[in-house]
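J.: when you get a sec, could you give me coordinates for this:
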Amino acid sequence: MSTRLQIFILFLALQITSPLHAIDCGPTLRKIALLTVAPITEAEKYIYIAAPPIAMVWSGAPKWAAYTYVAGYLLWKTHFGNKIPSTGRGVMNYLSNLRLLNYDFTGKKILDVGSGHSRFAQVVDGIYRATGTQATALDKQVQPAGRNSVKADATNMPFKDGEFDLVVSSWAYTYWHETKVGFNALNEMIRVAKPAGEIRLRVLRSSTEALTDEYLANHPNVESFSYQVIPALTEKLLVIKLKSEPKTTGLGYHQDWLELHPEIKETL
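T.: As a prediction, the model looks like this:
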């Protein structure tokens, strides 16, 4: 066996062996493990289709191996692509679009709302578990995976008040934005977030924010909020920071506010 083929086999083994077990390796290696779990979303098809066959040819493997890989990958995606964790909702996608590349997950409780197959929560929970971190995935339509997965509605979460340091929602809230479902889910996110906690939501860049801004500006538990530019071309990031001493009038405020705005649609 050639040296290059041995190197390729070792590389492939490292990719197959998830870095989730690198939990006692220190903060620097935890961050490296987190950043190398998934490729950038837009490069998925190029990385997964082109890179391995090129590496096989370079390492001296038989040509049939490259053809077999491409055929197997396409067959797998065709039949099982909607049933397995997709890099379309990969870890790097979350980290970059939710501006979490420099976030310290150590010892934090994280909630991913509308998580799909919950790859982000699984990875963060696995890598940082030894530090006391607990990442929870919540989704209504898909059964999330992982030790803290919850199948439930985002408008009625089965969590206590002030339970999470960080609440995020990537694709899901994008489609709830400025709807009654969205405001109900947003109220729940504020409820389950800890005092001085944070909420990060991807919202449509082309949509108006008048109602959302009014809602947040007057919410008794919201300290501040802002919009940030993210790599996603059609979306932007809404960052909400909560007050360190929340008031108990949040639910009443939410109900009263909705009654004052009967024009809000159930869904887009």
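J.: C-alpha from now on. contacts and neighbour counts both.
T.: Will do.
J.: the stretch 51-200 of the chain: strands as residue ranges?
T.: Per DSSP state E, counting those that start in this stretch, the stretch 51-200 of the chain carries strands over the ranges 109-113, 134-139, 149-151, 164-169, 193-204.
J.: now, of these, which is deepest in the fold?
T.: Of those, the one with the most neighbours on average (mean count of other Cα atoms under 10 Å) is strand 134-139, at a mean of 26.
J.: quick one: strands adjacent to it?
T.: Here strand 134-139 has these sheet partners by DSSP bridges: strand 109-113 (parallel), strand 149-151 (parallel).
J.: and for that strand, what's in contact with it?
T.: 107-116, 118, 121-122, 124-125, 128, 144-146, 148-154 (Cα atoms under 8 Å, 6 or more residues apart in numbering).
J.: ok, 6 Å please
T.: 109-115, 118, 121, 125, 148-152 (Cα atoms under 6 Å, 6 or more residues apart in numbering).
J.: one more: stretch 252-265?
T.: With Cα under 6 Å, 6+ apart, stretch 252-265 has contacts from T179, K180.
J.: now it, how far from the centre of its chain.
T.: Mean-position distance between stretch 252-265 and its chain equals 29 Å (Cα atoms, centre = their mean, to the nearest Å).
J.: any weak-confidence spans in the stretch 101-250 of the chain?
T.: 143-146, 249 (pLDDT under 70).
J.: try it again with 80
T.: 116-119, 141-148, 206-208, 247-250 (pLDDT under 80).
J.: can you get me a residue count around A51?
T.: Neighbours of A51 under the rule other Cα atoms under 10 Å: 11.
J.: export the strands of the stretch 51-200 of the chain to TSV and tack on distance to Y227?
T.: Formatted as TSV, these follow (distance: least, Cα to Cα, whole Å):
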stretch	distance to Y227
strand 109-113	19
strand 134-139	24
strand 149-151	29
strand 164-169	14
strand 193-204	9
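J.: need the contact list for A185.
T.: A154, T155.
J.: same thing with G132?
T.: Contacts of G132 by Cα under 6 Å, 6+ apart are G107.
J.: how far away is it from H177?
T.: 33 Å (Cα to Cα, to the nearest Å).
J.: again with V167
T.: Shown here: V167 relative to H177, a distance of 16 Å by Cα to Cα.
J.: re earlier: and the contacts of strand 134-139, which two are furthest apart?
T.: D125 and A152 (19.5 Å; Cα to Cα).
J.: out of these two, name the residue with the larger neighbour count.
T.: Remark: of D125 and A152, D125 carries more neighbours, 27 against 18, as counted by other Cα under 10 Å.
J.: how about that one: what's its closest non-neighbour residue?
T.: Spatially, and ignoring its direct neighbours in sequence, D125 is nearest to A135 (5.0 Å; Cα to Cα, 6 or more residues apart in numbering).
J.: how about that neighbour: which residues does it bridge to?
T.: Going by DSSP bridges, A135 forms beta bridges with I110.
J.: which residues does stretch 238-247 contact?
T.: Against stretch 238-247 from outside (Cα under 6 Å, 6+ apart): 195-201, 221-227.
J.: please repeat the previous calculation with a cut-off of 8 Å.
T.: 190, 194-203, 220-228.
J.: make a markdown table out of the strands paired with strand 134-139 and add distance to L100.
T.: Listed next are these as a markdown table, based on distance: least, Cα to Cα, whole Å:
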| stretch | distance to L100 |
| --- | --- |
| strand 109-113 | 12 |
| strand 149-151 | 21 |
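J.: all set, thanks.
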